[in-house]
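# Build me a structure from this.
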Amino acid sequence: MTAPVIEVTHPLVQHKLSIMRDKSTPTPLFRQLLKEISQLLAYEITREMPLTTHHIETPMGGMEAPILEGRKLALISILRAGNGLMDGVLELIPTARVGFVGLYRDEETLKPVEYYYKVPKALEERLVIAVDPMLATGNSSVAAIDLLKKSGAKNIRFMCLLAAPEGIARMQEAHPDVAIVTGSIDECLNDVGYIVPGLGDAGDRIYGTT
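This next block holds a predicted model:
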């Protein structure tokens, strides 16, 4: 059974995303909106986290209060653009463990090249959320999930700002057990592997580089 692909159509997500798509939106505003959207997407991707109860005393008396169960989740940024999503999620879940997968896309082959890998311990016991703003060809995302599974991760979800149908298909072919949460499923990829209509290169727009 293939894990779901969830497109978050909440009006706030779509409104903020439209501003981000505009090529005239300056870097500071782009960065701020990405942080805000990441928190809205995080609500969706963490919706089914398991709960247990813990006895507390409120000002009015005792109760069995719901709290998160098990080890703290692992938040994995696919560098460098993934950091733009990670920062917002960490504000929402500051106790999350953090890891990094360093991959860049070879502009000729469109294949991922690994240059850094550092992740928390005991991934097999954690919910693992990998974040990258763009699911374009899917090659980098698949490579990152490959590495996480080699490190023991079993419960993995992928969060992105935009996804292309081609990238979704690639992820589902390689990792059908990984749910995808995205702000928008766009039309297609162009001939150089960028999402259309998209928003350009997310990393360049986050960090003001070209």
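# Not counting the lengthiest helix in the chain itself, show me its contacts.
When the chain is scanned for its longest helix (criterion: DSSP state H), the result is helix 27-45. Helix 27-45 has contacts (CB atoms under 8 Å, 6 or more residues apart in numbering) with 6, 8, 10, 12-13, 16-17, 19-20, 25, 84-89, 91-93, 129, 131, 133, 157, 159, 161, 179, 181-183, 202, 205-208. Just so you know, the C-beta spots here come from the backbone N, C-alpha and C atoms, and that holds for glycine as well.
# what about the strands in the protein?
In the chain, the segments counted as strands under DSSP state E are 5-7, 51-58, 61-68, 74-79, 97-105, 112-118, 127-131, 134-135, 155-163, 179-185, 188-189, 195-196.
# counting contacts, what elements does the last one pack onto?
Right, strand 195-196. When contacts are defined as 3 or more CB pairs under 8 Å, 6 or more residues apart in numbering; DSSP states H and E, strand 195-196 packs onto strand 188-189.
# one step back: just the strands of the chain: most buried one?
strand 134-135 (a mean of 28; mean count of other CB atoms under 10 Å).
# Parallel or antiparallel, which strands does that strand pair with?
strand 155-163 (parallel) (DSSP bridges).
# Between strand 127-131 and the strand it pairs with, find me the angle.
20 degrees (axes from the mean of the first three to the mean of the last three CA atoms, to 10 degrees).
# Show me which of the contacts of helix 27-45 are buried.
6, 8, 13, 16-17, 20, 25, 84-89, 93, 129, 131, 133, 157, 159, 161, 179, 181-183, 202, 205-207 (16 or more other CB atoms under 10 Å).
# Any buried residues in stretch 145-155, and which?
Buried residues in stretch 145-155 (16+ other CB under 10 Å): Ile145, Leu147, Leu148, Lys149, Ser151, Ala153, Asn155.
# Could you save these as a markdown table and add columns showing distance to Tyr115 and pLDDT?
Listed next are the buried residues of stretch 145-155 as a markdown table, based on distance: CB to CB, whole Å; pLDDT from 0 to 100:
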| residue | distance to Tyr115 | pLDDT |
| --- | --- | --- |
| Ile145 | 17 | 97 |
| Leu147 | 12 | 96 |
| Leu148 | 16 | 98 |
| Lys149 | 19 | 98 |
| Ser151 | 17 | 97 |
| Ala153 | 20 | 97 |
| Asn155 | 26 | 95 |
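# State the pair within these that is farthest apart.
Leu147 and Asn155 (15.7 Å; CB to CB).
# coming back round to it: of the contacts of helix 27-45, which belong to helices?
Per DSSP H, the contacts of helix 27-45 map to helices at 12-13, 16-17, 19-20, 84-89, 91-92, 202, 205-207.
# what stretches of the protein score poorly on pLDDT?
110, 210 (pLDDT under 70).
# Surely Leu127 and Ala153 touch.
No. Counting by CB atoms under 8 Å, Leu127 sits too far from Ala153 to count as a contact (9.3 Å).
# list the residues that contact both of these two?
With CB under 8 Å, 6+ apart as the test, Leu127 and Ala153 both reach Ala74.
# What is the burial count for Lys23?
7 (other CB atoms under 10 Å).
# gap between Val131 and Ile156?
From Val131 across to Ile156, the span is 12 Å (CB to CB, to the nearest Å).
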